[in-house]
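Trainee: Give me the fold of what follows.
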Amino acid sequence: MNAVNPLEVIRYDIICVIMKCPSREIPLHPFLFALFPVLTLLAGNLGEMNLSAFFRSAVASLFVASALFLILRLGTKDWRSAALLATFYLLLFFTYGHVYNLVKNQSLFGFDYGRHRILGIVWAVLTIVGGWLIVKRIHLNKIVTMVLNLVGFLLVIFPIVQIGAYAIVQSRNAKISRSDSAQSSELILPQGQLPDIYYIILDRYARDDILKSQLDYDNSEFTRALEQRGFYIARCSRSNYPETLPSMASALNMDYLDELTGVESWQENISSLQPYISGNAVRQLLEALGYQSISLTAYQNLQWHNADLFYNPATSSGSSQFSSVITPFEAILMRTTVLRIPLDLQTKSMGEFARNINYPYAEHVQQQLYILNKIPELPFLSAPTFAYIHITIPHPPYVFDQNGELVDIQTAEEGFTRNQSDGGQPGGYIGQVQYINQRMLDIVESLIQNSDQTPVIILQGDHGISGSDPDAILNAYLVPEAVRSHLYPTITPVNTFRVIFSSLFGGDYPALPDTSFVPGDVGQGYELSNPSQHQCVPQD
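Mentor: So this is what the prediction gives:
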């Protein structure tokens, strides 16, 4: 009798399943269980992760499930057993990292069981014993396959619904009409060449007096250096809102949010402000004057995808201290699997690869360096340009020291976890302040020297640090004298472009009251800040 070719058996079985042979059921559960961890991770990080990383992870998971399924089919010669074995092994593969995180450094009666050498042995025993029970002891029938398929569908449907709801909201928000404030005043082109305008946001950059009083750091050397280059420093400036999205939506539309949106629902879904950021009034007005718009930020909710020049650090190649192309999404996913063992052991063959994955802020570092290195190139573009630039420094994670060198992962993570009060870990925050200070001085010099005429440069924090005055921010302006004469120490971002449009372009944008909002009681949104609680004396 001729030997049976196993590949021919698989080919026949696949054809039979596709043709819906009555004696066969389609075991889909291995693929559903393989997709579940990837979908769950995406659903928990909507708006923060690059979708390309999700697709790569999904394809890789399905490939592993398919290969495992076919290999087990060759061994068991039965689709149902192969499917159940594949699902069981996939569960072990994708849950190891989660279980390890729960038991890490745990002990019982002096026995340290929260270690790879212990948990790894447990997983090996489960693999062998569980596989034997499935093949030898469990009676498989179509009911088992149907139940597992149903469980798999239920598992993936929840993150899919969450992702779908997010997509619907984003699509609905994208249809919101742009701000009408762009049409509220006729602007006049000034004589001569239009100056380039750089609106540079340094996330969570606090005011000098706050750095001194809360973190005992004297930042006057930096602000004096800016003044020597012609900047006006608004010594008592504060942000209008204590978070990035509302702060940016307000500043870029030159209005307070309740007036801008007409509703207060944005406080329940802060991402609904994204259309007001990408289709903002400042951008529309400048584009109408002939400016080309530039978007340069890694924060997805701040990106202008339809800008004239859209730079996406997540997909652009830039200088980095990491050779790996692994994204944070993929790194997090890998560290929840059995791959956690070789990654933590960092064997010689896995050394560089493990280092890149175990450093969870690798992509953040690459993106911030890309932005900082891209800014000096902008003056060589055809003028005039309006560049919106958001840099997530000195905001945590605290990965850069004062010289721009990367801190070790433990220091970075400690800096992040101790950031609840900012006063608990001044080293991490101050180190990044010192680093971004030097980079900004170099960038400012480059922008000025490589521009045909002195550009307008605005260096501004979107909000401050936690503490007694979380709205106190850096706010510095390099502007023509016609604009400078209308600046004042307490100006807030909502009035930044009102002054510029009125003084430089002849518009009629009277200043609004400089008001700041702070978080109210739990669940109560924002409330007006009490100015008497925030004393500030302008220093010369």
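
Trainee: can you pull out the strands in this structure?
Mentor: 107-108, 111-112, 197-202, 232-233, 292-297, 309-311, 385-391, 456-460, 475-478, 517-519, 526-528 (DSSP state E).

Trainee: how about these in TSV, adding mean neighbour count, distance to S271 and mean pLDDT?
Mentor: Bear in mind the C-beta positions are built from the backbone N, C-alpha and C, glycine included. Output for the strands of the chain, formatted as TSV (neighbours: other C-beta atoms under 10 Å; distance: least, C-beta to C-beta, whole Å; pLDDT from 0 to 100):
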stretch	mean neighbour count	distance to S271	mean pLDDT
strand 107-108	10	43	78
strand 111-112	10	43	79
strand 197-202	24	18	98
strand 232-233	21	33	98
strand 292-297	22	15	97
strand 309-311	16	19	94
strand 385-391	23	16	98
strand 456-460	22	22	98
strand 475-478	24	26	98
strand 517-519	17	17	79
strand 526-528	13	16	70
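
Trainee: Any idea which of the ones you listed gets closest to D255?
Mentor: strand 517-519 (13.5 Å; C-beta to C-beta).

Trainee: Could you tell me which strands that closest one is paired with, and in which direction each runs?
Mentor: strand 526-528 (antiparallel) (DSSP bridges).

Trainee: How confident is the prediction for S181, by pLDDT?
Mentor: For S181, the pLDDT comes out at 46.

Trainee: hang on, I meant D401
Mentor: For D401, the model assigns a pLDDT of 91.

Trainee: and what of V4?
Mentor: For V4, the model assigns a pLDDT of 47.

Trainee: ditto for R283
Mentor: 96.

Trainee: ok, now N358?
Mentor: N358 is given a pLDDT of 66.

Trainee: cool, P246 as well?
Mentor: pLDDT at P246 comes out at 93.

Trainee: Can you give me the distance of it to F517?
Mentor: 8 Å (C-beta to C-beta, to the nearest Å).

Trainee: closest to L215 out of the strands of the chain?
Mentor: The nearest among the strands of the chain, by C-beta to C-beta, is strand 197-202 at 15.7 Å.

Trainee: Can you list the helices and strands that the closest one packs against?
Mentor: Applying 3 or more C-beta pairs under 8 Å, 6 or more residues apart in numbering; DSSP states H and E, we find strand 197-202 packed against strand 385-391, helix 426-449, strand 456-460.

Trainee: Between strand 456-460 and the first one, find me the angle.
Mentor: With axes from the mean of the first three to the mean of the last three C-alpha atoms, to 10 degrees as the criterion, the two stretches strand 385-391 and strand 456-460 enclose an angle of 20 degrees.

Trainee: Give the other helices and strands that strand 385-391 contacts.
Mentor: Going by 3+ C-beta pairs under 8 Å, 6+ apart, strand 385-391 lies up against strand 197-202, helix 281-288, strand 292-297, helix 362-374.

Trainee: quick one on the thing from earlier: any chance of the strands of the chain in CSV, plus distance to E221?
Mentor: CSV is the format used below for the strands of the chain (distance: least, C-beta to C-beta, whole Å):
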stretch, distance to E221
strand 107-108, 50
strand 111-112, 49
strand 197-202, 16
strand 232-233, 13
strand 292-297, 27
strand 309-311, 31
strand 385-391, 20
strand 456-460, 15
strand 475-478, 14
strand 517-519, 30
strand 526-528, 34
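
Trainee: picking up where we left off before, quick one, which of the helices and strands packed on strand 197-202 gets closest to A43.
Mentor: Of all those, the one in closest proximity to A43, counting by C-beta to C-beta, is strand 385-391 (25.2 Å).

Trainee: Now for the closest residue to Y509 other than its chain neighbours, how many residues are close by?
Mentor: Sequence neighbours aside, R498 is the residue nearest to Y509 in space, at 4.0 Å (criterion: C-beta to C-beta, 6 or more residues apart in numbering). Residues near R498, counting by other C-beta atoms under 10 Å, number 22.

Trainee: Equivalent analysis for Y100, please.
Mentor: Counted with other C-beta under 10 Å, Y100 comes out at 21.

Trainee: Pull the contacting residues for it.
Mentor: G114, H116, L119, R340 (C-beta atoms under 8 Å, 6 or more residues apart in numbering).

Trainee: and what of I128?
Mentor: I128 neighbours (C-beta under 8 Å, 6+ apart): none.
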